[in-house]
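> show me how the following folds:
(2 chains)
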Number of protein chains: 2
Amino acid sequence: MSLNKRARSFGQWLALGSVVGAVCGVASAVFLYLLDQATHVRTSHEAIVYTLPLAGLGIGALYARWGTPIRGGNNLVIDTVHEGDKQLPVRMAPMVLLGTVLTHLFGGSAGREGTAVQMGASLADAVAHRFRVSPATRRELLAAGIAGGFGSVFGTPIAGTVFGLEVVCVGRMSYEALVPALVSAVVGDLVTRSLGIHHTVYPTPAALPLTPGVLGKWLLFGVAVAGVAVAFVELVHFLKKRLEKSVPSLPLRMALGGVLLVVLWKVVGTSDYLGLGVPTIERSFVDPTLPPEAFALKLLFTAITLSAGFLGGEVTPLFFVGAALGNVLARLLGLPLDLAAGVGLAALFGAAANTPLALSLMAVELLGAGVLPHVVIVTVTAYLLTGQRGIYPAQRIAQLKH
Amino acid sequence: MSLNKRARSFGQWLALGSVVGAVCGVASAVFLYLLDQATHVRTSHEAIVYTLPLAGLGIGALYARWGTPIRGGNNLVIDTVHEGDKQLPVRMAPMVLLGTVLTHLFGGSAGREGTAVQMGASLADAVAHRFRVSPATRRELLAAGIAGGFGSVFGTPIAGTVFGLEVVCVGRMSYEALVPALVSAVVGDLVTRSLGIHHTVYPTPAALPLTPGVLGKWLLFGVAVAGVAVAFVELVHFLKKRLEKSVPSLPLRMALGGVLLVVLWKVVGTSDYLGLGVPTIERSFVDPTLPPEAFALKLLFTAITLSAGFLGGEVTPLFFVGAALGNVLARLLGLPLDLAAGVGLAALFGAAANTPLALSLMAVELLGAGVLPHVVIVTVTAYLLTGQRGIYPAQRIAQLKH
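Numbers count the residues shown, from 1 in each chain, chains lettered A, B, ... in the order given. Got it, this is the predicted structure:
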């Protein structure tokens, strides 16, 4: 390809990627603003959590009425990238936004990346159709939408870029969409920040020289992370199947999920496991008295929330589970608390979502270079040991792990 | 695959990867020790550079006599990964080690990654044959050898891991060898360090918030890096063809290359462009009076050295060229000197070798997280604009850049 052609193609990617990124960035900013308001209302009026079953009934009714074409969520996005099927419904963006904000307002334990990815991809697909691009370009713009959504919602454009490329297949990453994904993630992040959004600032663990002893501890750590990742994936899968079989009606199923969560909330006696749980994530980095069962409880709250049909994603709850697990393992194995919390935070989602490189880069963007090489060692170990399963069943297995 | 099977496979990778990594680590330590001695001798007895043509004659005679099966160097390694052809000759390791040390002793301008990759891969292939592994496992051990060599010689195990996966194809990265490559790179790095080797410590540029203005500057920066990468690749290609045609005898060709380098050295009037050039790399981070032509001169010295047939690699000379270029661009564009030098350092080799992710990670390992997201933006821009060419013609084009 001539230099002229390359320059033109670069210009095209700059333009289209920027449009997708700008749209993703605005959507993320609106989403994060509303989420912040919802979390604020819930924490200052906790009695609202008692109405979570009612909220489930309402969101369920909404999705039962208008949500059928978008029920696949992230899996529908991944399928569309592979199969180039019909356009992702434009309604996906507002519906997943509303569903997630309501989930958090009433105390469900869910995350943000599902929402960001679905908003980003459906908006990107609208851009692709508006500009009548070729099927190949459309696929790349979908990856750019995933990257732009992920990068802007967490303030981590490089992790967003690699996530957009890495999430669609297990075991292989194609660079086809590298440039549009990077443009979209960088522009999306810039737009979200310029709209006044501030992201959580995490601690910066000090660098720790890797010794054979430390390496051995990280391998055990990785085995534990893999075990928890498998437990989460299997529990969500099991609960989802079981609930769908027992209660075929979505509104009633979500109401039942709400009841379970309210009961669990009262039994546990703390609100720490509702919503995103950012305060406990921050505590995991510094508090050696964090309850050792915290990770398991957050895992349970999140599995019930998501398998019942509430909206959101897995990143932040799995950050909580991973960081709290890392906190416990640090005390057991004799590792620095902040580093272990940071490594656990990134590794658990990296293993559960089969995106080890994206999450290692996310750890660097959020926590600094001191997490290297530790976070890669743990994430790759856990990624290998979880096998072919993951939180996104639509991922194509390009390469068996072995 | 059952958990039991996964655990066994993990155990196998830990064992085989560790063996390969340990061998690579020892080879890198010996290499770095000898290189240090050679550089010390040369800088304290500069008259030795006048004998570079004689050294070329000697190394050329050595390679003409015993080097025919290994002349492909890194390209032979990449071909073997793809085609699973006959075993890489065991002599590759000692010959490339000796050739590189002599090249540096007499003042040639070359790097280290070629040597590290060829030693690592040929030793890994010996391990593969010793243990009579399957062809698939052998391919993965070869990647582990590349990763172990690269990771241990630069003290950057994560960059080494990704380099081992990324270098064999352009536009796609397979995770097949992820675990053995990581094990080998981590163990190799541990072994090299435990043998008393210290790596260059680079400055840690402060984080710089990305604004639209800064982003625009990085795009121009990326275009400049791409231009220099193309100039380097094409110049080496042109000189190599031209020299091979004019002087078919390798010893005479290398002697001629030596003469050219000595003349250039005397014309330029400084020894800054001989050898690795680490002092000038360090200067690029802090000195706003670095000669603006430094990058072009180092490029010329290196292109002559390598196209004449001297041994080594491209990483450290291209670090020099990229850092010195970054220094100049920082002054032209108004960017922080240390950050621009660091970004240039990583981006130029990343673009020239078609390994944008490995070099972005290398920048983080060497220079800290402050280089993000800048280094990725520049490296990917330059990677795209260099087109399908690169310093390793054996790379398979899995995916056209476009």
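
> count the neighbours of residue A:349 for me.
For residue A:349, the neighbour count with other C-beta atoms under 10 Å in any protein chain shown is 29. C-beta: built from backbone N, CA, C; applies to glycine.

> go ahead and confirm it touches residue A:314.
Yes. With contact defined as C-beta atoms under 8 Å, residue A:349 reaches residue A:314; the gap is 6.6 Å.

> what is the neighbour count of residue A:396?
14.

> ok, the closest residue to residue A:398 other than its chain neighbours to residue A:351 distance?
Residue nearest to residue A:398 in three dimensions, not counting chain neighbours: residue A:172, with 3.6 Å by C-beta to C-beta, 6 or more residues apart in numbering or on different chains. Distance, residue A:172 to residue A:351, by C-beta to C-beta, to the nearest Å: 17 Å.

> can you check residue A:216 too?
Counting by C-beta to C-beta - residue A:216 and residue A:351 are separated by 19 Å.

> give me the contacts around stretch A:375-382.
With contact meaning C-beta atoms under 8 Å, 6 or more residues apart in numbering or on different chains, stretch A:375-382 is reached by A:215, A:218-219, A:221-223, A:225-226, A:229, A:342-344, A:346-348, A:350-351, A:356, A:359-360, A:363-364, B:10, B:158, B:161, B:178-179, B:182, B:186.

> C-alpha coordinates for it, CSV please?
What follows is stretch A:375-382 as a C-alpha-only set of coordinates in CSV (Å, rounded to 0.1, in the frame of the first residue of the first chain):
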residue,chain,number,x,y,z
VAL,A,375,0.0,-8.7,37.8
VAL,A,376,0.9,-10.4,34.5
ILE,A,377,2.2,-13.5,36.3
VAL,A,378,-1.0,-13.8,38.4
THR,A,379,-3.4,-12.9,35.6
VAL,A,380,-1.9,-15.3,33.1
THR,A,381,-1.8,-18.1,35.6
ALA,A,382,-5.4,-17.6,36.5
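
> gap between that stretch and the chain center?
Chain-centre distance of stretch A:375-382: 18 Å, with C-alpha atoms, centre = their mean, to the nearest Å.

> now do the same for residue A:4: its pLDDT.
We have a pLDDT of 79 for residue A:4.

> my guess is it is in a helix, correct?
Yes. Looking at residue A:4 with DSSP: H, G, I helix; E, B strand; the rest coil, it is inside a helix.

> list the residues that contact the residue of the stretch 251-400 of chain A found nearest chain B.
As assessed by C-beta to the nearest C-beta, chain B sits closest to residue A:369 within the stretch 251-400 of chain A, at 4.2 Å. Residues near residue A:369 by C-beta under 8 Å, 6+ apart: A:207, B:364, B:365, B:368, B:369.

> the second one is in contact with residue B:373, isn't it?
Yep, that's residue B:364 we're talking about. No. With contacts counted by C-beta under 8 Å, residue B:364 stays clear of residue B:373, the gap being 10.8 Å.

> looking at the two, which one has more neighbours?
The neighbour comparison of residue B:364 against residue B:373 (other C-beta under 10 Å) goes to residue B:364, with 28 against 25.

> now do the contacts for that one.
Residue B:364 makes contact with A:364, A:369, A:372, B:158, B:371, B:372, B:375 under the criterion C-beta under 8 Å, 6+ apart.

> any buried residues in the helix or strand hosting the last one, and which?
With elements delineated by DSSP states H and E, residue B:375 resides in helix B:374-385, which encompasses its position. Residues of helix B:374-385 classed as buried by neighbour count (16 or more other C-beta atoms under 10 Å in any protein chain shown): B:374, B:375, B:376, B:377, B:378, B:379, B:380, B:381, B:382, B:383, B:384, B:385.

> what's the answer for stretch A:224-243, then?
So for stretch A:224-243, counting by 16+ other C-beta under 10 Å, buried means A:224-226, A:228-233, A:235-236, A:239-240, A:243.

> secondary structure, pLDDT and distance to residue A:111 for the residues you listed - can I get that in TSV?
Listed next are those as TSV, based on DSSP: H, G, I helix; E, B strand; the rest coil; pLDDT from 0 to 100; distance: C-beta to C-beta, whole Å:
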residue	secondary structure	pLDDT	distance to residue A:111
A:224	helix	98	21
A:225	helix	98	17
A:226	helix	97	20
A:228	helix	98	16
A:229	helix	98	15
A:230	helix	97	19
A:231	helix	97	17
A:232	helix	97	12
A:233	helix	97	15
A:235	helix	97	16
A:236	helix	97	13
A:239	helix	97	17
A:240	helix	96	16
A:243	helix	97	20
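
> now render those residues as CSV, adding distance to chain B.
Formatted as CSV, these follow (distance: C-beta to the nearest C-beta, whole Å):
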residue, distance to chain B
A:224, 14
A:225, 14
A:226, 9
A:228, 14
A:229, 13
A:230, 8
A:231, 13
A:232, 16
A:233, 13
A:235, 16
A:236, 19
A:239, 21
A:240, 22
A:243, 26
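
> what is the nearest of these to residue A:265?
For the buried residues of stretch A:224-243, the minimum distance to residue A:265 (C-beta to C-beta) is 17.0 Å, reached by residue A:239.

> quick one: contacts for that closest one?
Residue A:239 touches A:303, A:304, A:307, A:308, counting by C-beta under 8 Å, 6+ apart.

> near the last one, how many other residues are there?
Right, residue A:308. Counted with other C-beta under 10 Å, the neighbours of residue A:308 add up to 27.

> ok so, going back, so for residue A:172 and residue A:351, which sits in the more crowded spot?
More crowded of residue A:172 and residue A:351, by other C-beta under 10 Å: residue A:351, with 32 against 18.

> name the element that one belongs to?
helix A:337-352.

> also compute the angle for that helix relative to helix A:374-385, please.
Angle, helix A:337-352 to helix A:374-385, by axes from the mean of the first three to the mean of the last three C-alpha atoms, to 10 degrees: 30 degrees.

> beyond helix A:337-352, next helix or strand please.
Where DSSP H and E defines the elements, the next helix or strand beyond helix A:337-352 is helix A:356-367.

> what angle sits between that following helix and helix B:356-367?
Orientation of helix A:356-367 against helix B:356-367 (the same axes, to 10 degrees) gives an angle of 30 degrees.

> so who does the residue nearest to residue A:51 when sequence neighbours are not counted touch?
Sequence neighbours aside, residue A:106 is the residue nearest to residue A:51 in space, at 6.1 Å (criterion: C-beta to C-beta, 6+ apart). Listed by C-beta under 8 Å, 6+ apart, the contact partners of residue A:106 are A:42, A:48, A:49, A:51, A:52, A:55, A:56, A:258.

> one more time with 10 Å, if that's ok
Contacts of residue A:106 were listed using C-beta atoms under 10 Å, 6 or more residues apart in numbering or on different chains, and they are A:38, A:41-42, A:48-56, A:58-59, A:258, A:261-262, A:274-275, A:310.

> where does chain A have low pLDDT?
A:1, A:402 (pLDDT under 70).

> can you do 90?
For chain A, residues meeting the criterion pLDDT under 90 lie at A:1-10, A:71, A:84-86, A:313, A:387-389, A:393, A:397-402.
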